[in-house]
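**Student:** when you get a sec, could you give me coordinates for this:
(2 chains)
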Amino acid sequence: MNPSHWTYISLSYVIAAVLVVLDIVFTRIRMKKLQREIRAAGQRQKQAKII
Amino acid sequence: MNKFWIWLNQLGSPPRFYAWSLRWIKVCAPLTLIVAAIGLYLGLLHAPADYLQGESYRIIYIHVPCAWMSLFCYGVMFVQAVGALVWRIKLCEILALSAAPVGAIFTFITLITGSLWGKPTWGTYWTWDARLTSELILLFIYFAILALNYAFVDRRQGARAACILILIGAVNLPIIHFSVTWWKTLHQGTTVSLMGNSHIDSSMLWPLLIMTLASKTYFLWSWLARARVSMLDNERTKDWAKAAVYA
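**Tutor:** Numbers count the residues shown, from 1 in each chain, chains lettered A, B, ... in the order given. I've put the predicted structure just below:
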């Protein structure tokens, strides 16, 4: 049985949507991780000054 | 120096760009969702079926905007790479390389959706047609730019090498654009033209233009978000970066 036209259409849009969402989510995760690292480095610097 | 050049010059400062880009991301993110929702509604539910291709032509509402964006992205990268290599502007380097993953995503979606449209229309997922092959080469160029950027220990050296590759790879852009006129291809010729007549009914054209707008705002959103990450990463030891994180 051949897949219907709507199977190809939905597959196209689902693949595109997944890639776009992954792109946005991964960029956001990278930003949050980087901000955490910078904050942690700041804390370490503060503690080193106290000691 | 007029006001525009002063503004552009000031924008090159990392803290200013970091704040400015966030304002644009806040505009582009909801705009993308709203415009894409309208475009999808019109393209998938409202536009009539094609008399020859039936329903499968609706794939164009994702395929064509992504194909246009795959070239547009490269054009943006080319301009930024010139700025980075000629004037050594650090922001241009970041912007050129931040656009590469977004361009690769657009190219990948173009190839996949083109394949899924080709099966019901041409009877095959893939053929070594000039348009398809040159678009595949574009994807490989995007991958090569990304790989070269990370291939050096010195980040700026890697960025400069990647910028040179961007300039070399630009040769492929006219090949992709004119492939359907230079060679006899299975891929159809130009349907929508900015300068001449478009061979598409307005009921089908409008959803396409709206989806194109959505792809542009998504590009801006993703591009600026990636550039902000790269900029913060490069400047993580600077005071402004620490202040921006704590703000």
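
**Student:** when you work out contacts or count neighbours from here on, use the C-alpha atoms and nothing else.
**Tutor:** Fine.

**Student:** tell me how many other residues crowd B:Trp240.
**Tutor:** Taking other Cα atoms under 10 Å in any protein chain shown as the neighbour definition, B:Trp240 ends up with a count of 16.

**Student:** wait, I meant B:Leu111
**Tutor:** Number of residues near B:Leu111 (other Cα under 10 Å) recorded here: 22.

**Student:** now B:Pro207
**Tutor:** One way to gauge burial is a neighbour count; for B:Pro207, by other Cα under 10 Å, it gives 25.

**Student:** how far away is B:Asn172 from B:Leu136?
**Tutor:** For B:Asn172, the distance to B:Leu136 (Cα to Cα, to the nearest Å) stands at 11 Å.

**Student:** which parts of chain B sit against chain A?
**Tutor:** Residues of chain B found near chain A (Cα under 8 Å from any Cα of the partner chain) are B:55-56, B:58-59, B:62, B:105, B:109, B:112-113, B:116-117, B:120, B:222, B:225-226, B:229, B:232-233, B:236, B:242, B:245-246.

**Student:** these, buried ones only, as a ChimeraX selection?
**Tutor:** To isolate the buried members of those in ChimeraX, using 16 or more other Cα atoms under 10 Å in any protein chain shown:
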select /B:55,56,58,59,62,105,109,112,113,116,117,120,222,225,226,229,232,233,236,242,245
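
**Student:** so which of the residues of chain B next to chain A sit within helices?
**Tutor:** Within the residues of chain B next to chain A, residues falling in helices by DSSP state H are B:62, B:105, B:109, B:112-113, B:116-117, B:120, B:222, B:225-226, B:229, B:232-233, B:242, B:245-246.

**Student:** which residue is nearest the centroid of chain B?
**Tutor:** B:Cys73 (3.2 Å; Cα atoms, centre = their mean).

**Student:** from B:Gln188, how far off is the most centrally placed residue in chain A?
**Tutor:** Within chain A, one residue has its C-alpha closest to the average C-alpha position: by Cα atoms, centre = their mean, that is A:Phe26, at 1.2 Å. Here the criterion is Cα to Cα. By it, A:Phe26 lies 36 Å from B:Gln188.

**Student:** same check, this time on B:Tyr142
**Tutor:** Using Cα to Cα, one gets 25 Å for the distance from B:Tyr142 to B:Gln188.
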